[in-house]
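Student: Using only what follows, build the 3D model:
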Amino acid sequence: MNRSHFFAHMARMKLIQRWPLMRNVEPENVAEHSLQVAMVAHALAVIRNTLFGGTLDPAQAAMRALFHDASEVLTGDLPTPVKYFNEDIARAYKDIEKNAEATLLKMLPAELQGAYAPLLSSPPDDDYGQLVKAADILCALLKCEEELTAGNREFAPARKRLNAMLEQRMNQEIRYFLEVFVPSFSLSLDEISAPEF
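Tutor: Below you'll find the predicted structure:
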């Protein structure tokens, strides 16, 4: 049986630092971010299904989110201002990401590739892809809230940009998440631990 380096690469997600051009009070790596995006994507699917008549599989949303930045174990995390500096760079970076996803997929034994292909190279514009992108933006916003609450004003422009991105994607489940869950991220541990009466 041939050996596979796939999960050894996935384990390196914890080594890829996010926000590399910015001063961080609390550093964040891709593994931490991916877990949070998976939890938020799951929640968005549950909110859509429970409150707004959706039919998405929350587990599928979470799994797609867990792997949404997997290619970064090969590419690193290119800072957003560089990645989207112009259309040519954005298009070229998308090609690099697709190549990295294909490389990762080929690391798996052939008999397992079919199960992982939809996770590594999922369509960005289907319902799940849009939901994962919304969760990704929400989690970046939550990072900004945490940094700003800790007094790091460097994240203020990023928060403004992310709010604008969310406004463009706004739907009922995003609005619900923003209203119900996001305010707690600017509170202290004592404030979120106090019982509500």
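
Student: quick one: the helices in this protein?
Tutor: With DSSP state H, the ranges of helices along the chain come out as 6-10, 30-52, 58-66, 72-75, 80-83, 87-107, 110-120, 127-149, 156-169, 172-180, 189-193.

Student: Give me the nearest residue to Ala59, chain neighbours excluded.
Tutor: Leaving aside its chain neighbours, Ala59 sits nearest to His42 (7.3 Å; criterion: C-beta to C-beta, 6 or more residues apart in numbering). The way it works is simple: take the backbone N, C-alpha and C, and place the C-beta from them, glycine included.

Student: Run a quick neighbour tally on that neighbour.
Tutor: Burial of His42, expressed as a neighbour count using other C-beta atoms under 10 Å, amounts to 22.

Student: Touching, it and Ala62? I think so.
Tutor: Yes. His42 lies in contact with Ala62 (C-beta atoms under 8 Å); the separation is 4.1 Å.

Student: that older thread, would you mind telling me which of the helices of the chain is nearest Arg18?
Tutor: Arg18 lies closest, by C-beta to C-beta, to one member of those: helix 30-52, at 5.7 Å.

Student: Which elements pack onto the closest one?
Tutor: Contacts defined by 3 or more C-beta pairs under 8 Å, 6 or more residues apart in numbering; DSSP states H and E place helix 30-52 against helix 58-66, helix 127-149, helix 172-180.

Student: Recalculate using a threshold of 10 Å.
Tutor: The contact analysis (3 or more C-beta pairs under 10 Å, 6 or more residues apart in numbering; DSSP states H and E) places helix 30-52 against helix 58-66, helix 72-75, helix 127-149, helix 172-180.

Student: and of those, who's closest to Asn29?
Tutor: For these, proximity to Asn29 was assessed by C-beta to C-beta; helix 72-75 is nearest, at 9.9 Å.

Student: confidence score at Asn98?
Tutor: Rather than Asn, residue 98 is Lys. We note a pLDDT of 92 for Lys98 in this prediction.
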